[in-house]
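>>> attaching a predicted model along with its sequence, questions to come.
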Amino acid sequence: MGASAFDEMWGESTGGQVRSSYRHIADWLHETPYEELLHRQNAAENIFRKLGITFAVYGNDDAEERIIPFDIVPRVISAGEWAHVEKGLTQRAQAINAFLRDIYGPREILKTGLLPPELILANPQFRLPMTRIRPPHDIWAHICGTDLVRTGPDQFFVLEDNARTPSGVSYMLEDREAMQRLFPALLARHKVRPVEEYPDALLAMLRSVAPKSASGDPCCVVMTPGPFNSAFYEHSFLADRIGIELVEGNDLFVRDRCVFMRTTEGPLRVDVIYRRVDDDFLDPLLFRPDTMLGVPGLMDAYGAGNVTIVNAPGTGIADDKAIYSYMPEIVRFYTGQEPILPNVETWRCREPDALAYVLDHLPEMVVKLVDGSGGYGMLVGPAATKAEIEAFRQRIKAAPHRFIAQPTLALSTCPTLTANGPAARHVDLRPFILTGANGTIIAPGGLTRVALNEGSLVVNSSQGGGTKDTWVLSEEGAR
């Protein structure tokens, strides 16, 4: 994978020949005074602040919500590069859905011995009630956000899968709108595939998976935990863009095994719930009884086939990083093909040989909780102090089954505006995959996250990262 980072504008070595997909960006950065770039950067931040595009950080004493830093230098992906990624993501989404159908059904993969049974059956994200329920159209993971990293011209790797309630698509859409406002001429010099159709594609997918008992005009809603959730902006943004109601649990009720929404004109039957609420809070009668964020009786209505929940309860097991380590085998088992997008090499600390290797190489590795997210609970060995490494060593020894480890990849870099002018910063990519009754659609590009601190590999917004607009060029490319 290489020790030095691949630069997406310059290729293997900076200062050489600009890669063809970036030639207009290179010219633009060379021709535009830094003061003008900085002025536009500030304008973008003001747009985001006025629109209220914010997020909250859990566990932070400062309750003030923040805007996610936006970098105005776009990331460019050629048509050929994207065709490869798109094919791989489609394969991955199909395998994830087949895996979920199987583990909540016949469990053929466990009969082969490919996966240890306890990894499924003892997993906190395994939802036993779903073994008795088949989602409408037998689709489980309707929306996936699969995180990709790049290490070379043709080297894309899957870093992790997000099949529970993947977030970030609102920033993909808002980043594009900001670039259209601030740099219309630059956009005009490229033939960039649009992302603006995502809300329409999302609504079409939601309607396509409505239960058979739904009317010809299914009622779809976005279900949020409420305004105190860190991603509430996105929940309200999507409901508005799709043109459907944003509801909380107390806006819904169950009667005769059907779900209804309270309205000023009386109860209205709900057919599809795009939930941004974790499994534990969906239905206090079946999951956590100490919360009323959900809807009592919702799972009974779901089991009766009278409502569709997007994504299905229990899909979070596909997010588990120990399960991730088996994804190459999972893809082969369900598709009969080699994975188009490979995993990052992964050591499962639950296995004695892997544990010994990881403990011997901690300063070189990235170690993650199998159920972690958002950049929390992880160790980046090369950036950690000796004391932090030793403390993490004790955590791993105490519960090795809770951790996986990966090499510290030389993530690709893109030009990014900094206090000292444009400079290379590490990036990853979260594309969004929609799977409905009519097939799979992938928004061209997705959300590029950028580590704004020099040398940092942590791109999560909760850990100080920012975002970029992602330009996927059409077949004709840039003019």
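That came in fine, so what should we check first?
>>> let me know the average pLDDT across the helix or strand hosting residue 45.
Using DSSP states H and E, residue 45 sits in helix 34-51. The pLDDT scores in helix 34-51 average 89.
>>> can you get me the start-to-end distance on stretch 257-268?
14 Å (CA to CA, to the nearest Å).
>>> which residues touch that stretch?
Residues outside stretch 257-268 that contact it (CB atoms under 8 Å, 6 or more residues apart in numbering): 219, 221, 245, 247, 251-255, 269-270, 273, 295, 297-298, 300-301, 304, 306-307. C-beta here means a position set from N, CA and C on the backbone, and glycine is covered the same way.
>>> who touches residue 350 in this structure?
Counting by CB under 8 Å, 6+ apart, residue 350 has contacts 322, 400-401.
>>> put the buried members of the contacts of stretch 257-268 into a ChimeraX selection.
Command for ChimeraX that selects the buried part of the contacts of stretch 257-268, burial taken from 16 or more other CB atoms under 10 Å:
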select :219,221,245,247,251,252,253,254,269,270,273,295,297,298,300,301,306,307
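>>> just the contacts of stretch 257-268: which are in helices?
Under the assignment DSSP state H, the contacts of stretch 257-268 contribute 298, 300-301 to helices.
>>> just to revisit the earlier point, which of the contacts of residue 350 sits closest to residue 410?
residue 322 (24.8 Å; CB to CB).
>>> just checking, the closest one is part of a strand?
No - Residue 322 sits outside any strand when classified using DSSP: H, G, I helix; E, B strand; the rest coil, being helix.
>>> tell me the contacts of it?
Counted by CB under 8 Å, 6+ apart, residue 322 has contacts 119, 348, 350, 370, 401, 404.
>>> could you measure from it over to residue 378?
15 Å (CB to CB, to the nearest Å).
>>> same question for residue 264.
Taken as CB to CB, the span from residue 264 to residue 378 is 47 Å.
>>> what about the two, which has more around it?
residue 378 (18 against 4; other CB atoms under 10 Å).
>>> once you drop chain neighbours, what's closest to the more buried one?
residue 368 (4.7 Å; CB to CB, 6 or more residues apart in numbering).
>>> can you name the residues bridging to that neighbour?
Bridge pairing for residue 368 (DSSP bridges) gives the partners residue 404.
>>> what sits against it?
321, 377-378, 403-406.
>>> 10 Å instead?
159-160, 321, 324, 346, 375-380, 402-406 (CB atoms under 10 Å, 6 or more residues apart in numbering).
>>> over to residue 195?
Contacts of residue 195 (CB under 10 Å, 6+ apart): 169, 172-173, 175-177, 201, 432, 443-447, 469-472.
>>> equivalent analysis for residue 293, please.
Neighbours of residue 293 in contact, by CB under 10 Å, 6+ apart: 223-226, 229, 248-250, 277-278, 280-284.
>>> that older thread, now do the helix holding residue 45: everything it contacts.
Contacts of helix 34-51 (CB under 10 Å, 6+ apart): 28-29, 32-33, 53-54, 66-73, 171, 174-175, 177-179, 181-183, 233, 237, 417, 419-422, 467, 469.
>>> what about the closest residue to residue 325 other than its chain neighbours, distance to residue 211?
Nearest non-adjacent residue to residue 325, counting by CB to CB, 6+ apart: residue 346, 4.2 Å away. As judged by CB to CB, residue 346 and residue 211 stand 38 Å apart.
>>> and the gap between the residue lying closest to residue 186 once chain neighbours are set aside and residue 125?
The spatially closest residue to residue 186, leaving aside those adjacent along the chain, is residue 28, at 5.8 Å (CB to CB, 6+ apart). Residue 28 is 45 Å from residue 125, where distance means CB to CB.
>>> equivalent analysis for residue 272, please.
Residue 272 is 23 Å from residue 125, by CB to CB.
>>> filter the contacts of residue 293 down to the buried ones, PyMOL style.
Applying 16+ other CB under 10 Å to these, the buried members can be selected in PyMOL as follows:
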select buried, resi 223+224+225+229+248+249+277+278+280+281+282+283+284
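>>> in strands, which of the contacts of residue 293 appear?
residue 223 (DSSP state E).
>>> right, and residue 351 touches residue 401 too?
Yes - the pair residue 351 and residue 401 qualifies as a contact (CB atoms under 10 Å) at a distance of 9.5 Å.
>>> what's the first helix or strand after the worst-scoring helix or strand of the chain on mean pLDDT?
Least confident element among the helices and strands of the chain, by mean pLDDT, DSSP states H and E: strand 54-55 (a mean of 60). Next helix or strand after strand 54-55 toward the C-terminus (DSSP H and E): strand 66-67.
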